[in-house]
Structure formats: C-alpha cells, structure tokens
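[1] Give me the fold of what follows.
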Amino acid sequence: MVAMENPHAHAPLGFIRKYIFSLDHKVIGIQYFFLALTAVFVGMFLSLLMRIHLVWPTAVLPLVGEIKPEAYLSLLTMHGTIMVFFVLTTAPQGGFGNYFLPIQIGAPDMAFPVLNMLSFWTTFLAFVTIIAAFFVSGGAPLHGWTGYPPLSAMQSAGPGEGLGADLWITSIAIFCVASLMGALNFITTTLDLRAKGMTMMRMPLTCWSWFITAILGLLAFGVLLSAGILLLMDRNLGTSFYVPLVVVNGQIMGHKGGSPLLWQHLFWFFGHPEVYIAILPGMGVASQVLSTFSRKPIFGYRAMVYAMLSIGFFGFMVWGHHMFMSGMSPYSAFAFSLLTMAIGVPSAIKTFNWLGTMYKGRLRFHTPMLYAIGFVSLFVSGGLSGPFLAQPVLDIQLHDTYFVVGHFHLIMGVAAIFGMFAATYYWFPKMFGRMMNESWGRIHFFITLAGTYAIFMPMHYLGMAGGTRRYSQYTEVAYLQKLMPLHQFMTYAAIITIAVQFIFVINLFWSMFKGPKASDNPWEATTLEWTTATPPPHDNFGGVTPVVNHGPYEYGVPGAAKDYIMQTDPATVTTH
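    Alright, predicted model coming up:
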C-alpha cells in the first residue's frame, strides 16, 4: 500500500450538502438505485392494469375505473418507456455503476463529481416530467413506447397526443442529456483514475461492462436526443421531418415531404444499442458473482472482454432488423439479418464461459449466486428466440405478435432485472453495512424465476398462434378468443410474481436497519471494494490509495494460504 493524503477525505455534514447536492458517487449511486426502485413499481403497476384489462376487459377498478382501449394504449406506452429508461438503464449503470466503478478501480470518486450530481437530478427531472403526462389534459400518450410517427407527430391524432405526448418526448430528451453527462463521466473515470497497477486487463468485468455501456450511451443517446427534438418541431413548429402529406379526421394536415421511416431509423439506431445498455451491466455482475461463488477464476477473462467489446460494436450494426416490416430492400434485410446472427457469437462465448466458470467449482448457493444463475438461464431462454426474429421471412409473420413481446421481455427485461437482484444481494453488505436475509432472498428468487417463465414463455406460443400485440381486448376477434386461457394463466402468474416483489422490498428496508452486521469481506471476494471498510469512507479508501498487484479473480490458487488472493495482496504471492 502507498499512503497518500486525500483532500476530500472528510464527508460534508449538512443534510442538503450531503444528500441534495452530494458530490459523493456512493450517495448518488444510492439515489439512482431508489429512483429506479420507485420506477419499477410504477412500471409493474401499469403492466398489472394491462393484464387485468386483457382478461377482464369490462372490469371497473377502484381509483382507475373502466380501462378504455385508448387508456390501454397509454398504459402500454408508459409501461415500456418507464421500464426501458428509468429502470433498465438507470439502475445497472446509474445505480451500481456509480457506486462501485470508482471503488473497483481504486479511485477516490468519479472524474467529474459535479457532473455526476447534475446527471442524477436531470434524470430525476425526466422521471417527474414523464409521470406528469398522466395528469395533464388528455392524459398520457398512446403512440407506443417506440413513438412511431405520424401518430406521435400529430397533436390531433388521438387522446393523449397533445400535451401528454409533448411531455413524453421532453422527458426522453432530458433523460438523454443526463445519460450523455453520465457516459462522459464513466469513460473519463475508467481511463484516467485507475489505481497504480490497475491495468485495463486487471479490471473486474463489471468495470468493463460499465465502460462499454458508457461508450454505447455516448454514441446512442445523442442520436435519440436529436430525433426527439425534430419530433417536437414537427408537432409544434409545423416542420415536416417525419410527417408526409396525411389526412387526419377528414382534414388535410399542413405537412408534406416528411418520412415516418426516418424516425424508425433514428430511434432504432438508439434502440438496439439500448438493449445492450440494459444487459451488459448484468453480464458484468453475473461474471463477478459466478466467479466469487464458484471459487474459481472467470473462465476465459480476455475472451469475455473481447466478447463484450464485440457485442458493443455489433449492437450498432443491426438496428434494421426492427424494420423488416417497413418494406426495406431484401439486400438490406439480408445484411441486417447476417449481422444479427453474428452478434449471437459473442453472446454464446459469454454463456459458455459462465458455464465453464461454474464447471467443477466449489459452488456456494447464496442468493446472489442463485440470481446470477437465473440471469444466465433467462439470457439463454430469451436469446434462443432471437435467431427466429433475425430471419426476415419469419419476422414478417411474427413481428406484431406476442412472440416479440416474450423474446425481449426475457432477454432484455427480466434478465437485466435478475442482474440487478444479483447485484443488490451481492453488494448490499458493502453499501449498507448489513446482510440481507438469506432465507427470504431464496424464497423471493424461486417464486420470481418460476413466475417470470410462467408469464413470458407462453407469449411465444401466443405469437406462433397469431396472437397480436397492442390489442386492448380480444373479445371481438373469434380466433383470438381461443387464446384467452393462456392470457388468464399469464395474468395469474403476473399477479403472484408482482406480489412476491414486496418480499424483496421488505427484506431490503428491514435489512438496512435490522440486518446482521456485515464484515468487510463477507463473501471472501478479491476485488478492491472488499479491501476497504464497510460501508466505505467518504474517499473510498480512508486516505490510502490501493496498489494493485493481481488480477480480479484469483480464486483456488494452488499452494496459497487461503482459497483467494486479493488484488492488493503483495506481488510475492503466487497466482494462476
């Protein structure tokens, strides 16, 4: 260890300075975490209303009333938007990334603490703005979370397409600004603030995942921000970027020459990297947890790094596979199809390496390990339906069906959330100084895993049977009525699964105040966050800058005094 005096070693004492205008990445990470936790319950509640309406379309619910078809489309729009932006993007990167990236690379804080604070409050403002859409005249927008024009570009296109749609677009634009600030911070911190000895190839895979995610965010969110500004201009300034000559309610609109497909290109150029922005941090956490609880080095560390870099690169090459239905040239469709199949190769490498890490390991089935295994399971199950949708001839049949809904919920939605659960149970002792209840964690895991498969796996069968998505009710379509028993089964599974999440919330808050005290390294892990106090001091390492001598996953070292070697152990210790 090399002692170094740190001028930022003392935490601010005042409440406002410590929590409202905090420059401490750990406080900001926890704020992001609880913002995402709030958002996920809002999103789950909206999905529950949708499922109830699909099964009991005439039900009158307390406080909500009867859900009309246009209200159903508003629920669908807001559920998708809140989950994608404020849960799947915010928690893994803004929450856990903010908290642990500096500690895992041996830095005292993020490179730009003020920018870090601004990025959180800008994200918070974006969340408030999108929630406000529910309460304005006309209500929330009904154009779907993808916001396709001309429906989203016309104020008169339907209820919710007035001020509610403007707030929706404004919220996403504000979120893009916040994400761009965060991405710059992550990239700079990773490149410039690593401790002595922390080479890029000694970084934990979590740090690699946050770093690559930040690069994707920097390149993707700028495109979406530009697209959103153009859409606002079409709606309010009379421009025609996306709107061709159209007739709405018998009236010719004052637009001509725009292309609705331009929005699709811009949106999906962001939208497909967004899939990996959501899932890459989960991949990093799964690697970290599987290695720790298998008591083995990660299988093929360098291959894992290059696989993540490949996924990030190919993520920008495949946006067109969302647009096979748009009438694109078969040659373009073939190119996008080929690239989409290619992205399965690095994903498969990661999967086999996770299995290789567990193979013949001394497995410890603590709750974080269960969630990491669940992540791999969901990633594989959701990924297997991807090659079907990568073929234009099949995708045209399956595109507007529940097959797509089942696919992306499994691989992008629930898999990413299992990564968040693994991270929460794994890092909770370091963040709050206490242990979560193991028994309740396991109950939460098994019911949640069974519930997610019960909800989303039948969607693939619905899709193959022609079950259309975005329909508010199926009572008017004869062949779809035969699929109603599946919808009922999925709805009951959703009610149970959502109810079980309260076990997690109670466990989380109870453990924060009443859980057993945690030691500095309760999991016997090797990375730098476990070398410091629990919870970490204000400057992470108490004024002492760590010196890194080893890789991040030195488990089961032959001849070592214990079965793991910390990254800061003396260089004289023999490793793999």
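
[2] C-alpha from now on. contacts and neighbour counts both.
    OK.

[3] mind listing what V246 touches?
    Residues near V246 by C-alpha atoms under 8 Å, 6 or more residues apart in numbering: I252, M253, H255, K256.

[4] Need the pLDDT of the third one.
    Read it as H255. H255 carries a pLDDT value of 74.

[5] hmm, back to that, and the contacts of V246, which of them are buried?
    With neighbours counted using 16 or more other C-alpha atoms under 10 Å, the contacts of V246 contain these buried positions: M253, H255.

[6] Would you point out the most distant pair within the contacts of V246?
    Spatial extent of the contacts of V246 (C-alpha to C-alpha) is set by the pair I252 and K256 at 10.0 Å.

[7] sorry, back to before: looking at the contacts of V246, spot the one nearest A423.
    Nearest to A423, judged by C-alpha to C-alpha, of the contacts of V246 is H255 at 49.1 Å.

[8] how about that closest one, what does it touch?
    By C-alpha under 8 Å, 6+ apart, the residues touching H255 are G238, T239, S240, V243, P244, L245, V246.

[9] one step back: any residues in contact with both of I252 and K256?
    With contacts defined as C-alpha under 8 Å, 6+ apart, the residues shared by I252 and K256 are L245, V246.

[10] still on that earlier bit, which of the contacts of H255 has the largest number of neighbours?
    Neighbours here mean other C-alpha atoms under 10 Å. Within the contacts of H255, the largest count is held by V243, at 28 neighbours.

[11] Quick one, grab the pLDDT at the residue lying closest to that one once chain neighbours are set aside.
    Nearest residue to V243 in three dimensions, chain neighbours excluded: G258, at 4.4 Å (C-alpha to C-alpha, 6 or more residues apart in numbering). What the model reports for G258 is a pLDDT of 87.

[12] Specify the local secondary structure of G258.
    With DSSP: H, G, I helix; E, B strand; the rest coil as the basis, G258 sits in coil.

[13] That one: neighbour count?
    The number of residues packed near G258 is 18, by other C-alpha under 10 Å.

[14] And for the one 3 residues further on?
    Other residues near L261 come to 17 when the count uses other C-alpha under 10 Å.

[15] Is it within a helix or a strand, and which one?
    Taking DSSP states H and E as the definition, one finds L261 inside helix 260-294.

[16] And V27, by the same measure?
    When elements are assigned from DSSP H and E, V27 belongs to helix 25-55.

[17] Quick one: list the elements packing against that helix.
    Packed against helix 25-55, as judged by 3 or more C-alpha pairs under 8 Å, 6 or more residues apart in numbering; DSSP states H and E, are the following elements: helix 69-81, helix 98-105, helix 113-132, helix 484-514.

[18] between the second one and helix 25-55, what angle do the directions make?
    Regarding helix 98-105 and helix 25-55, their directions subtend 130 degrees when assessed with axes from the mean of the first three to the mean of the last three C-alpha atoms, to 10 degrees.

[19] pLDDT of helix 98-105, averaged?
    Averaged across helix 98-105, pLDDT comes to 96.

[20] cool, and the last one?
    Along helix 484-514, the predicted confidence averages to a pLDDT of 96.

[21] hang on, the earlier thing: which ones among the contacts of H255 lie within strands?
    Among those, no member is found in strands (DSSP state E).

[22] Can you tell me which of those residues is nearest W440?
    V243 (52.8 Å).

[23] Model confidence score at that closest one, please.
    With respect to pLDDT, V243 scores 88.

[24] got it, and P7?
    According to the prediction, P7 has pLDDT 46.

[25] Please point out which parts of the helix holding V27 sit buried.
    By neighbour count on 16+ other C-alpha under 10 Å, the buried set for helix 25-55 is 25-33, 35-37, 39-55.

[26] my read: the residue nearest to V243 touches G238, true?
    No: taking contacts as C-alpha atoms under 8 Å, G258 lies outside contact range of G238: 11.3 Å.

[27] buried stuff in the helix or strand containing Q397?
    Here Q397 sits within helix 392-398, counting by DSSP H and E. Of the residues in helix 392-398, P392, D395, L398 count as buried by neighbour count, 16+ other C-alpha under 10 Å.

[28] Determine how far the helix holding V27 lies from the middle of the whole chain.
    Taking the mean of its C-alpha atoms, helix 25-55 sits 12 Å from the chain's own mean (C-alpha atoms, centre = their mean, to the nearest Å).

[29] what does stretch 151-165 give?
    Taking C-alpha atoms, centre = their mean, one finds the center of stretch 151-165 at 28 Å from the center of the full chain.

[30] what does stretch 114-123 give?
    Here the centre of mass of C-alpha atoms in stretch 114-123, compared against the chain's by C-alpha atoms, centre = their mean, lies 19 Å away.

[31] which residues are contacting it?
    By C-alpha under 8 Å, 6+ apart, the residues outside stretch 114-123 that reach it are 21-23, 25, 28, 31-32, 94, 110, 174-175, 177-179, 181-182, 185.

[32] now do 7 Å
    Stretch 114-123 is contacted by residues F21, S22, L23, I28, Y32, I174, F175, A178, S179, M181, G182 when judged by C-alpha atoms under 7 Å, 6 or more residues apart in numbering.

[33] Now list the buried members of the residues you listed.
    Looking at the contacts of stretch 114-123 with 16+ other C-alpha under 10 Å, the buried ones turn out to be S22, L23, I28, Y32, I174, F175, A178, S179, M181, G182.

[34] With distance to A165 as extra columns, can I get the residues you listed in a markdown table?
    As requested, the buried ones among the contacts of stretch 114-123 are arranged in a markdown table below (distance: C-alpha to C-alpha, whole Å):
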| residue | distance to A165 |
| --- | --- |
| S22 | 33 |
| L23 | 34 |
| I28 | 30 |
| Y32 | 25 |
| I174 | 14 |
| F175 | 15 |
| A178 | 20 |
| S179 | 21 |
| M181 | 25 |
| G182 | 26 |
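
[35] Filter those residues down to just the ones in helices.
    When DSSP state H is applied, the buried ones among the contacts of stretch 114-123 are split such that I28, Y32, I174, F175, A178, S179, M181, G182 fall in helices.

[36] Could you find which two of those are furthest from each other?
    I28 and I174 (18.0 Å).

[37] low-scoring stretches of the chain, by residue?
    By pLDDT under 70, the weakly predicted segments of the chain are 1-13, 573-576.

[38] what about the spatially most central residue of it, distance to I447?
    Geometric centre of the chain, nearest residue: L88, 2.3 Å, by C-alpha atoms, centre = their mean. Separation of L88 from I447 (C-alpha to C-alpha, to the nearest Å): 21 Å.

[39] if we can go back for a sec, which residues touch the residue nearest to V243?
    Contact partners of G258, counting by C-alpha under 7 Å, 6+ apart, are S240, F241, Y242, V243, P244.

[40] Show me which positions of the helix or strand that the helix holding Q397 is followed by end up buried.
    Downstream of helix 392-398, the first helix or strand assigned by DSSP H and E is helix 402-408. Within helix 402-408, the residues scored as buried using 16+ other C-alpha under 10 Å are Y402, F403, V404, V405, G406, H407, F408.

[41] how about TSV for the residues you listed, with distance to Y474 added?
    Formatted as TSV, the entries for the buried residues of helix 402-408 read as follows, by distance: C-alpha to C-alpha, whole Å:
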residue	distance to Y474
Y402	13
F403	17
V404	18
V405	17
G406	18
H407	21
F408	22
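
[42] Need the contact partners of stretch 479-499.
    For stretch 479-499, the surrounding residues in contact (C-alpha under 7 Å, 6+ apart) are 51-52, 55, 447-448, 451, 454-455, 458, 462, 467, 474-475.
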